[in-house]
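# Provided below are the primary sequence and the corresponding predicted coordinates.
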Amino acid sequence: MKKIACLALSALLLLPLSACGRSAEPVRQELFAMDTYMSLAAYGDDAQEALTAAVREINRLERELSRTIATSDVYKINAAGAAAVSDETAALLQSAIACSEKTGGLFDVTIAPLVTLWGITTDSPRVPAQSEIASLLPLVGSEHIHIDGNSVALDSGCGVDLGGIAKGYASDRVAEILKQHGVTGAAVSLGGNVYVCGQKPDGSVWNVAVQDPKDTSAYAMTFALTDTFAVTSGGYQRYFTAEDGTVYQHILDPRTGRPAETDLLSVTVIAQNGTMADAYSTALYIMGEEAACDFWRQNGGFDLVLITADGRVLYTPDLADHISQKGAGYDFRQIPT
């Protein structure tokens, strides 16, 4: 019998929001959207209206970007091979193409046919034959997407899946809404995508914990952060166990069409842009330690935490002053510049 595992908890966790010595509690909202549990908390006179608007926006984006909702832009593109879409969907697809080019194709939304073939996040995952995988690999690549204004067309047999970037984009939109409503502090967790801004009433910032991939009830480390996005990707979050006992995790390598084989357990990207952080966390996980570190050195513009299979936690130097706690059982090291 196949065993399917999907962690309900985020790979990035927001630690308790209580303000020491103060009775003030944040306004909170919770929802299930984009196939994950989400939580939002905010302080400020307009916090309730801000969160109501944020939840409305998340639900709107799901209706626009989902692969499975028949009225969505993405569904229409995949179903017909071409469709007129909103400015927003066209722009997000352009961003996805740019991220694909930047990461050498390791982040690629055209992996959709292979995602469907494996079905790892569904109730009926399976291990496809290599011949099936090989037949679909030629359909993977951002060159198969053609955008002209609001018109999007795919080459024959291709499909797109924005699941690797949609929550990051949603966090960017939520951040804009919170700023528009003047919240004094907020903490948002959209599955493995976290956004924090401002302060709690006691003047402190937010503790963001990176989940321990070896013990998901524990933390590998925590950071004191504000006004930033943090996104974690890891193969331990969703996987299934085949009848022969082999574990297949959900992140597929676009080069092979198979679950990524990497020396990393998780990658956390901390940046000023949630969309980019979402895409990069996936690509860097597939790259593995050495290539991920090189990518950071060559491109910059974000911070990085790598948890390796051999028990090390590697982090970029600018994070050193933000570490509030280190978990047990790991060797912590800064990534050399």
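On my side now, so go ahead. Numbers count the residues shown, from 1 in each chain.

# low-confidence ranges in the stretch 1-150 of the chain?
Counting by pLDDT under 70, the stretch 1-150 of the chain has low-confidence residues at 1-23.

# Quick check, central residue of the chain?
Centroid-nearest residue in the chain, with Cα atoms, centre = their mean: Asp278, separated by 4.1 Å.

# sec struct for that residue, please.
Here Asp278 is helix, with the state taken from DSSP: H, G, I helix; E, B strand; the rest coil.

# just Met38 next, same as before
Reduced to three states with three-state DSSP, the structure at Met38 is strand.

# Nearest spatial neighbour of it, chain-adjacent residues omitted?
In space, Met38 comes closest to Leu190 once its chain neighbours are excluded; the distance is 4.8 Å by Cβ to Cβ, 6 or more residues apart in numbering. For glycine as for every other residue, the C-beta is placed from the backbone atoms N, C-alpha and C.

# who touches the longest strand seen in the chain?
Counting by DSSP state E, the longest strand found in the chain is strand 215-225. With Cβ atoms under 8 Å, 6 or more residues apart in numbering as the test, strand 215-225 has contacts from 7, 9, 13, 15, 196, 204-213, 230, 236, 266, 270, 305, 307, 313, 315, 319, 322-328, 330, 332.

# Tell me the buried residues in it?
216, 219-223, 225 (16 or more other Cβ atoms under 10 Å).

# who does that strand pair up with?
According to DSSP bridges, strand 215-225 has the following sheet partners: strand 206-212 (antiparallel), strand 323-326 (antiparallel).

# Switch the ones you listed over to CSV, and while doing so, append mean neighbour count and distance to Lys76 to every line.
As requested, the strands paired with strand 215-225 are exported to CSV (neighbours: other Cβ atoms under 10 Å; distance: least, Cβ to Cβ, whole Å):
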stretch, mean neighbour count, distance to Lys76
strand 206-212, 24, 36
strand 323-326, 14, 45
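
# Output those strands in TSV; the columns should cover mean pLDDT and distance to Arg173.
Output for the strands paired with strand 215-225, formatted as TSV (pLDDT from 0 to 100; distance: least, Cβ to Cβ, whole Å):
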stretch	mean pLDDT	distance to Arg173
strand 206-212	94	20
strand 323-326	94	28
